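[1] 3D, please:
(2 chains)
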Number of protein chains: 2
Amino acid sequence: MTTAEIPAPPARRARRSRSERWPEIIGAATDVFAEKGYNVASLHDIANRLGMLKGSLYHYIDSKEDLLFHIIRAAHDELYETVAGLAHGPGNAFQRLEMVIFGHLDFVCGNLQRTRVFLHELRSVPLARRRELLGSRHPYQTLLRDLIAEAKAEGLARPEINPHIAALTLLGSLNWAYRWYSTSGEASPAQISRNVADLTLHSLALPGATLTPFPESPEIPESPRSTI
Amino acid sequence: MTTAEIPAPPARRARRSRSERWPEIIGAATDVFAEKGYNVASLHDIANRLGMLKGSLYHYIDSKEDLLFHIIRAAHDELYETVAGLAHGPGNAFQRLEMVIFGHLDFVCGNLQRTRVFLHELRSVPLARRRELLGSRHPYQTLLRDLIAEAKAEGLARPEINPHIAALTLLGSLNWAYRWYSTSGEASPAQISRNVADLTLHSLALPGATLTPFPESPEIPESPRSTI
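    Got it, this is the predicted structure:
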């Protein structure tokens, strides 16, 4: 009987490796933080959602704060890297801004819970770790502002535009989708992006600028909702 | 010795009436909810901030939930009433939209903590009371959408604009100021409003529409900040 023929021991509930378990743990923590708020959520809640004991969860993680930091860092880096690639890609500043709008809204609409945790709980990350994440400046905001300044330099945007305020105005429109976009709504992320890109480019453009023709979109009467 | 001459008893720490105390209590609760989050904040924290005992606080209020509901209802009603007055005032739809933008940003910039509590904690209000507040529709959002639809009907806005998505896009821009406006920043609420109104009207307007001339605003380089 060769080694290969020795029957395997009966399957045991072996502890799975951190890298195997990590995506599930982060997913469960994201949902729990988004639903209950970080401060109220406990590791017990997260373990429950995973069907494991809190003691077992400590095999994979160090602390609740660590989980939050990982969620926020991953969301920030994923959005930033996607959008920075688009902002520095081919095309003039308006074409790149349009791509950025599509990329940002695609991220938000596809990651509603992660976006909520990022936007509501960033303040719960201790200052030193927040600095580690964002640096002394806010790279994402700077990226939008620079793109709008480029559009002015390229003669596409009106000279009186203030790139800083215009960037923050756009950022609000883009991020706000986390509150009203619904996967069961009538508007797809692509339809929303097309509308927001059209509004944004028209808001910035010099009179008489040639913008990509915008087809009339179907009326979307009821579904997207937002309070206040 | 007439009644008037009887010396007053020494001043005692008389319990002040609810209506006297109420604004302070609401102010303290707003700050505590904004800083700690509603779920973590306790009546003990609020009493501490007021320099009273938790037991005395119960003389004025019924519950923590009641405080939250009052804060949220007052913020909603105050903003809605101001803005509804502007939306139905004199002028064409673009002029009224401009007034609405000024009114909304003035409220947000002047009420950062209340706006934060409203936006972050509305979900903490039990559903039945939330319905009492907002009804089955969202009156504020509907107001913006109707104004944009009117601008189309008046031949000011482009026919391809989707009023619903345009309203949500604008709402995001307006509300987002609670995250980046700073009273110590270089931009005043009026400067911010002028920029946002200019961007919004240009985003909607038919090509060749005559918009109020917009003076070039001073560059506002560093202060207004927002994450992601």
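[2] specify the local secondary structure of A:A187.
    coil (DSSP: H, G, I helix; E, B strand; the rest coil).
[3] residues near it, how many?
    24 (other CB atoms under 10 Å in any protein chain shown). Where you see a C-beta, it was placed from the backbone N, CA and C, and this is true even at glycine.
[4] and what of A:E98?
    A:E98: 22 neighbours (other CB under 10 Å).
[5] least confident secondary structure element in chain A?
    Sorting the helices and strands of chain A by mean pLDDT, DSSP states H and E puts helix A:127-134 at the bottom, at a mean of 84.
[6] number of residues surrounding A:P207?
    A:P207: 11 neighbours (other CB under 10 Å).
[7] pLDDT weak spots in chain A?
    A:1-15, A:136-137, A:212-228 (pLDDT under 70).
[8] can the longest helix seen in it be said to contact chain B?
    Longest helix in chain A, counting residues (DSSP state H): helix A:64-87. Yes - using CB under 8 Å from any CB of the partner chain, helix A:64-87 reaches chain B at A:H76, A:L79, A:Y80.
[9] quick one: which of the residues you listed is most hemmed in?
    If you count neighbours using other CB under 10 Å, the busiest of those is A:L79, which has 22 neighbours.
[10] ok, now how distant is that one from A:E132?
    17 Å (CB to CB, to the nearest Å).
[11] about what we covered before: run the angle between the least confident helix or strand of chain A and helix A:64-87 for me.
    Relative orientation of helix A:127-134 versus helix A:64-87 (axes from the mean of the first three to the mean of the last three CA atoms, to 10 degrees): 20 degrees.
[12] how far off centre is helix A:127-134?
    Relative to the centre of its chain, helix A:127-134 is centred 18 Å away, using CA atoms, centre = their mean, to the nearest Å.
[13] what of stretch A:38-46?
    Distance, centroid of stretch A:38-46 to centroid of chain: 22 Å (CA atoms, centre = their mean).
[14] can you give me the end-to-end span of it?
    End-to-end distance for stretch A:38-46, by CA to CA, to the nearest Å: 11 Å.
[15] quick one: is that stretch near chain B?
    Yes - contact of stretch A:38-46 with chain B (CB under 8 Å from any CB) involves A:N39, A:V40.
[16] just the residues contacting that stretch, thanks.
    A:25, A:28-29, A:32-33, A:35-36, A:54, A:57-58, A:61, A:64, A:67-68, A:117, A:120-121, A:124, B:36-37, B:39-40 (CB atoms under 8 Å, 6 or more residues apart in numbering or on different chains).
[17] now swap in stretch A:48-65 and tell me
    Here stretch A:48-65 makes contact (CB under 8 Å, 6+ apart) with A:15, A:18, A:21-22, A:24-25, A:28, A:31-32, A:38, A:41-44, A:46-47, A:67, A:125-126.
[18] from those residues, which land in helices?
    A:18, A:21-22, A:24-25, A:28, A:31-32, A:43-44, A:46-47, A:67.
[19] just the buried subset of these, written out for ChimeraX, thanks.
    Selection of buried members from the ones in helices among the contacts of stretch A:48-65 for ChimeraX, criterion 16 or more other CB atoms under 10 Å in any protein chain shown:
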select /A:21,25,28,31,32,43,46,47,67
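[20] ok, the nearest residue to A:R129 once chain neighbours are set aside - contacts?
    Spatial nearest neighbour of A:R129, chain neighbours left out: A:F69 (5.5 Å); criterion: CB to CB, 6 or more residues apart in numbering or on different chains. By CB under 8 Å, 6+ apart, the contact set of A:F69 is A:V125, A:R129, A:L133.
[21] thought A:F118 was touching A:A75?
    Yes - at 4.5 Å, A:F118 counts as touching A:A75 under the criterion of CB atoms under 8 Å.
[22] of these two, who's got more company?
    For the pair A:F118 and A:A75, the greater number of neighbours falls to A:F118 (26 against 22), based on other CB under 10 Å.
[23] please report the distance of the more buried one from B:H70.
    In terms of CB to CB, A:F118 sits 30 Å off from B:H70.
[24] check A:W180 too.
    25 Å.
[25] with A:R49 instead?
    34 Å.
[26] still on that earlier bit, so what does the least confident helix or strand of chain A touch, helix or strand wise?
    When contacts are defined as 3 or more CB pairs under 8 Å, 6 or more residues apart in numbering or on different chains; DSSP states H and E, helix A:127-134 sits against helix A:64-87.
[27] what separates the helix it packs on from the chain centre, distance-wise?
    7 Å.
[28] what residues sit buried inside it?
    Under 16+ other CB under 10 Å, the buried positions of helix A:64-87 are A:64, A:67-72, A:75-76, A:79-80, A:82-83, A:86-87.
[29] re the thing from before, for the longest helix of chain A, C-alpha coordinates in CSV please.
    Presented in CSV, the C-alpha positions along helix A:64-87 are these (Å, rounded to 0.1, in the frame of the first residue of the first chain):
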residue,chain,number,x,y,z
LYS,A,64,-13.0,46.3,16.2
GLU,A,65,-11.0,49.5,15.4
ASP,A,66,-8.7,47.5,13.1
LEU,A,67,-11.7,46.2,11.2
LEU,A,68,-13.0,49.7,10.7
PHE,A,69,-9.6,51.0,9.5
HIS,A,70,-9.4,48.2,7.0
ILE,A,71,-12.8,48.8,5.6
ILE,A,72,-12.2,52.5,5.3
ARG,A,73,-8.8,52.2,3.8
ALA,A,74,-9.9,49.6,1.3
ALA,A,75,-12.9,51.7,0.2
HIS,A,76,-10.8,54.9,-0.1
ASP,A,77,-7.9,53.2,-1.9
GLU,A,78,-10.2,51.3,-4.3
LEU,A,79,-12.1,54.5,-5.3
TYR,A,80,-9.1,56.6,-5.4
GLU,A,81,-7.1,54.3,-7.6
THR,A,82,-9.9,53.7,-10.0
VAL,A,83,-10.7,57.4,-10.3
ALA,A,84,-7.0,58.5,-10.5
GLY,A,85,-6.5,56.1,-13.4
LEU,A,86,-9.4,57.7,-15.2
ALA,A,87,-8.4,61.3,-14.3
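[30] touching chain B at all, stretch A:173-189?
    Yes - interface with chain B: stretch A:173-189 contributes A:S173, A:L174, A:N175, A:W176, A:A177, A:W180, A:A187 (CB under 8 Å from any CB).
[31] start to end distance for that stretch?
    13 Å.
[32] show me which residues of that stretch are buried.
    A:S173, A:L174, A:N175, A:W176, A:A177, A:Y178, A:R179, A:W180, A:Y181, A:G185, A:A187, A:P189.
[33] same question, stretch A:145-161
    The neighbour-count check on stretch A:145-161 (16+ other CB under 10 Å) flags A:R145, A:L147, A:I148, A:A149, A:E150, A:A151, A:K152, A:L156, A:A157, A:R158, A:I161 as buried.
[34] the fifth one against A:A93, yeah?
    Yes - distance between A:E150 and A:A93: 4.1 Å, which falls inside the contact criterion (CB under 8 Å).
[35] which helices and strands does the helix or strand containing A:Y178 pack with?
    Secondary structure assigned from DSSP states H and E places A:Y178 in helix A:163-180. If you count contacts as 3+ CB pairs under 8 Å, 6+ apart, helix A:163-180 packs onto helix A:93-110, helix A:112-121, helix A:139-153, helix A:189-204, helix B:163-180, helix B:189-204.
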